[in-house]
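J.: give me the fold of what follows.
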Amino acid sequence: MPSAFPGWIAHDNGQRGHTGGLSEHDANAYTDAGAGQKGIRIMGKQVLWHYTTGQKYIKIVKSGYLLTETETTPHVLHKGDKGFVWFTASDEWEPTACKLFITPDGKRRKLSKDETEKYGEGLFRFGVYLGRGFIHFPYAEKTLGIATYRALNDVAIKQGANPALWYMYPKAIPLKNCFIIQQWQYGAWVETAKKESE
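T.: Okay, the predicted model is just below:
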């Protein structure tokens with residue numbers, strides 16, 4: 001997803017599961033019929049994930065907030081575009097969160113999940129509950145504008161993501177609103193207790 005969504009995506013020309021210790025009673029997986037990907041519900045609440053790298057995780061923890069693109073990467077926004085914090089309902093790593101690598105000869109390529117973990121100093125995700133104020137991407141054409149909406153949708157599909165699972169939030173989100181923070185370790189998401197800014 002877009003850059004605030006862990007530095008995730010880009011416009012057409014810009015750069016842009018595991019329950020982590022939750023009890024079987026509290027965490028029941030479900031399948032999005034339109035997406036065919038698993039997500040998580042906890043006590044009946046839809047969980048959304050903000051995926052990012054270890055490098056950005058450190059900055060997020062220090063700031064105490066999940067910030068919008070306007071606050072973190074305004075250069076990736078086209079003139080007049082609004083910045084958001086980006087989430088997905090998928091409990092699998094978001095492909096658009098992979099880092100962009102520039103080769104010595106100036107060529108750009110997207111790193112794989114494993115490469116992003118290596119060069120991005122780890123993989124992390126922040127979990128929040130879906131609530132008021134979130135915008136479901138499939139219905140965001142008016143909010144984003146047709147050109148930006150279509151560009152993001154095309155980039156998502158090209159990179160193997162599922163934009164039908166994306167959600168946007170228009171304001172920074174305090175880390176205290178993230179009920180869980182996890183790191184990818186040895187093939188599973190493991191909860192980390194580090195939530196407060198340092």
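
J.: CA atoms for contacts and neighbours, from now on please.
T.: OK.

J.: pull the residues that contact the longest strand seen in the chain.
T.: Across the chain, the longest stretch assigned as strand under DSSP state E is strand 45-53. Applying Cα atoms under 8 Å, 6 or more residues apart in numbering, the external contacts of strand 45-53 come out as 5-8, 39-41, 86-91, 93-94, 97, 116-117, 120-130, 167.

J.: can you show me the CA trace of the very next helix or strand once past that strand as CSV?
T.: Downstream of strand 45-53, the first helix or strand assigned by DSSP states H and E is helix 54-63. Provided in CSV are the C-alpha atoms of helix 54-63 (Å, rounded to 0.1, in the frame of the first residue of the first chain):
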residue,chain,number,x,y,z
GLY,A,54,12.2,-2.6,11.5
GLN,A,55,13.8,0.7,10.3
LYS,A,56,10.4,2.4,10.3
TYR,A,57,9.3,0.6,13.4
ILE,A,58,11.9,2.4,15.4
LYS,A,59,10.7,5.8,14.1
ILE,A,60,7.1,4.9,14.8
VAL,A,61,7.9,3.9,18.4
LYS,A,62,9.9,7.1,19.0
SER,A,63,7.1,9.3,17.6
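
J.: check G83 and give its pLDDT.
T.: In this prediction, G83 carries a pLDDT score of 82.

J.: average pLDDT for the longest strand of the chain, rounded please.
T.: Per-residue scores along strand 45-53 average to 94.

J.: got the angle for it vs helix 54-63?
T.: 110 degrees (axes from the mean of the first three to the mean of the last three Cα atoms, to 10 degrees).

J.: any idea which helix is longest in this structure?
T.: Across the chain, the longest stretch assigned as helix under DSSP state H is helix 146-158.

J.: check which residues of that one are buried.
T.: Going by neighbour count (16 or more other Cα atoms under 10 Å), the buried part of helix 146-158 is 148-149, 152-153, 155-156.

J.: what's the average pLDDT for it?
T.: 92.

J.: return stretch 133-145 as PDB; C-alpha atoms alone will do.
T.: Only the C-alpha atoms of stretch 133-145 are listed here, as PDB (Å, rounded to 0.1, in the frame of the first residue of the first chain):
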ATOM      1  CA  GLY A 133     -13.300   6.900  10.400                       C
ATOM      2  CA  PHE A 134     -11.700   4.100   8.400                       C
ATOM      3  CA  ILE A 135     -12.300   4.200   4.700                       C
ATOM      4  CA  HIS A 136     -12.500   0.900   2.800                       C
ATOM      5  CA  PHE A 137     -10.300   1.200  -0.300                       C
ATOM      6  CA  PRO A 138     -12.800  -0.200  -2.800                       C
ATOM      7  CA  TYR A 139     -15.100   2.700  -2.000                       C
ATOM      8  CA  ALA A 140     -12.300   5.400  -1.900                       C
ATOM      9  CA  GLU A 141     -12.400   6.500  -5.500                       C
ATOM     10  CA  LYS A 142     -14.100   9.800  -4.600                       C
ATOM     11  CA  THR A 143     -11.800  10.400  -1.600                       C
ATOM     12  CA  LEU A 144      -8.600   9.700  -3.500                       C
ATOM     13  CA  GLY A 145      -9.600  10.900  -7.000                       C
END
